[in-house]
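Enquirer: Following is a predicted model, sequence given first.
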Amino acid sequence: MGEVLSQNEIDSLLQALSSGELDAEEMSNAEEKATKNYDFRRPAKFSKEHLRTLEIIFEHYGRLLSTNLPVYLRKNIQVSVVNSETCTFSEFSTALANPVLLAVVNFEPLNGNIMLEMAANLGFAMVDRMLGGPGNPLEKSRDFSEIERSIIDKIMSVCVQLLREPWKNVVEVNPILERIETNPQFAQIIAPSEMIAIVTINVKIGDVEGLMNMCLPYFTLETVMDKLNTKYWFSTMKENEEENYEDHIETIVRRVEMPIRAVLGRSIVTVNDFVGLQNGDIIKLNSKVGQELDIFVGNLKKFKALPGSSKESYAVRVTTILREEE
């Protein structure tokens, strides 16, 4: 509501106008405010604060990719967030190459889906690496075969599951990979005019470099938009840091599987004798019957045990636990 003038102020203003001390046109021009055009076809549903929070989320996601994917690809991987922007879904789908790798992800419990778009050269490099090659992309792009898509499906499933941790401070999500499309026309998850946020990530697998785009529709994130701000983000992170993860870590460590082997004994034979071995031949070992066996956990000698059987399986009975000093 504008300021209310008193009668004396109104009289003074009229007197100044009649005497020429004030110019009515100058006053009207001074009161004009700068206007900004608003495009109703591209409503600004994502603010800069929203985009900045999404960048923080996917910076965390990038760190997870760089530490988890090398387990499968056996190659150094570097991941960094390039930028974030908003556009309509039609603009995003029109700019896609063909072929392309589009992973459609069900972002439960949020409504709708999100999309993960990966450059084709990264896909071919991953396939080449998974099949034992050096991880080089194709010189000439082509469509993916069924076998190649099956291999990529495994890697994409890992990438999708890694989305849980970065989004935990906003909402507990259970992302599920629904399908992978190589033709953009078959990946229309929302109306073409709907607004989306795109977070672009640069992925480098050895010497191969490409982009990965995260397509996040406003329709999917609408219910958690209030939580996509840095103030809420950091306050939630502080609360999580105060939790005690000791029991959780101990539970995970207890589930780790370790190979255990019992060494019955050792013997040295010639190659000629080894080639000529037949069913019923006897190999003399350097250990005696009833002697304790060495039990290895991984490559570490951890126990002494006596051989035996349990039901219909071979077994050992631990007699001594070896400490580090032993």
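Expert: That came through, no problem. Numbers count the residues shown, from 1 in each chain.
Enquirer: L116 and R255, how far apart?
Expert: The spacing between L116 and R255, counted by Cβ to Cβ, to the nearest Å, is 29 Å. C-beta: built from backbone N, CA, C; applies to glycine.
Enquirer: My error: substitute F303 in the last question.
Expert: The spacing between F303 and R255, counted by Cβ to Cβ, is 21 Å.
Enquirer: higher neighbour count, these two?
Expert: When F303 is set against R255 and neighbours are counted by other Cβ atoms under 10 Å, the residue ahead is F303, at 18 against 6.
Enquirer: What is the burial count for the residue nearest to the more buried one when sequence neighbours are not counted?
Expert: Nearest-residue entry for F303: I295, 3.8 Å, with adjacent residues in sequence omitted and distances by Cβ to Cβ, 6 or more residues apart in numbering. Close neighbours of I295, defined as other Cβ under 10 Å, add up to 21.
Enquirer: Please apply the same query to L216.
Expert: L216 has 24 neighbouring residues, counting by other Cβ under 10 Å.
Enquirer: Specify the local secondary structure of it.
Expert: Taken by DSSP: H, G, I helix; E, B strand; the rest coil, the conformation at L216 corresponds to strand.
Enquirer: pLDDT score assigned to the residue nearest to it when sequence neighbours are not counted?
Expert: The shortest distance from L216 to any residue that is not its chain neighbour, by Cβ to Cβ, 6+ apart, is 4.5 Å, and that residue is A197. Looking at A197, its pLDDT is 89.
Enquirer: List the neighbouring strands of the helix or strand A197 falls within plus their orientation.
Expert: Secondary structure assignment for A197, by DSSP states H and E: strand 195-205. With DSSP bridges as the test, strand 195-205 is paired with strand 77-88 (antiparallel), strand 208-217 (antiparallel).
Enquirer: ok, and for the shortest one, which residues are buried?
Expert: Using 16 or more other Cβ atoms under 10 Å as the test for burial, strand 208-217 gives V208, G210, M212, N213, M214, C215, L216, P217.
Enquirer: State the pLDDT value of the closest residue to the third one other than its chain neighbours.
Expert: Spatial nearest neighbour of M212, excluding adjacent residues (Cβ to Cβ, 6+ apart): I201 at 4.5 Å. The confidence metric pLDDT takes the value 92 at I201.
Enquirer: From R255, how far off is I201?
Expert: Remark: distance between I201 and R255 (Cβ to Cβ) = 31 Å.
Enquirer: ok so, going back, buried residues in the strand holding A197, which are they?
Expert: Of all the residues in strand 195-205, those buried under the rule 16+ other Cβ under 10 Å are M195, I196, A197, I198, V199, T200, I201, N202, V203, I205.
Enquirer: Stretch 55-70 too?
Expert: Buried residues in stretch 55-70 (16+ other Cβ under 10 Å): E55, I56, I57, F58, H60, Y61, G62, L64, L65, S66, L69.
Enquirer: What of stretch 302-312?
Expert: Neighbour counts over stretch 302-312 (16+ other Cβ under 10 Å) mark K302, F303, K304, A305, P307 as buried.
Enquirer: hang on, the last one in a strand?
Expert: Yes. Assessed by three-state DSSP, P307 belongs to a strand.
Enquirer: any idea of the mean pLDDT in the helix of greatest length in the chain?
Expert: In the chain, assigned by DSSP state H, the helix with the most residues is helix 48-73. Helix 48-73 comes out with an average pLDDT of 88.
Enquirer: Show me what it is packed up against.
Expert: Helix 48-73 makes packing contacts with strand 77-88, helix 120-130, helix 146-161, strand 195-205, helix 230-241 when contacts are defined by 3 or more Cβ pairs under 8 Å, 6 or more residues apart in numbering; DSSP states H and E.
Enquirer: Surely F89 touches A187?
Expert: No. No contact is recorded between F89 and A187 when judged using Cβ atoms under 8 Å, the distance being 10.1 Å.
Enquirer: my read is D281 is in a strand, agree?
Expert: No. Secondary structure of D281 (three-state DSSP): coil, not part of a strand.
Enquirer: That one: neighbour count?
Expert: 8.
Enquirer: confidence score at it?
Expert: Confidence at D281, expressed as pLDDT, is 87.
Enquirer: Who are the contact partners of I198?
Expert: With contacts defined as Cβ atoms under 8 Å, 6 or more residues apart in numbering, the neighbours of I198 are S84, E85, T86, C87, F92, N213, M214, C215, L216.
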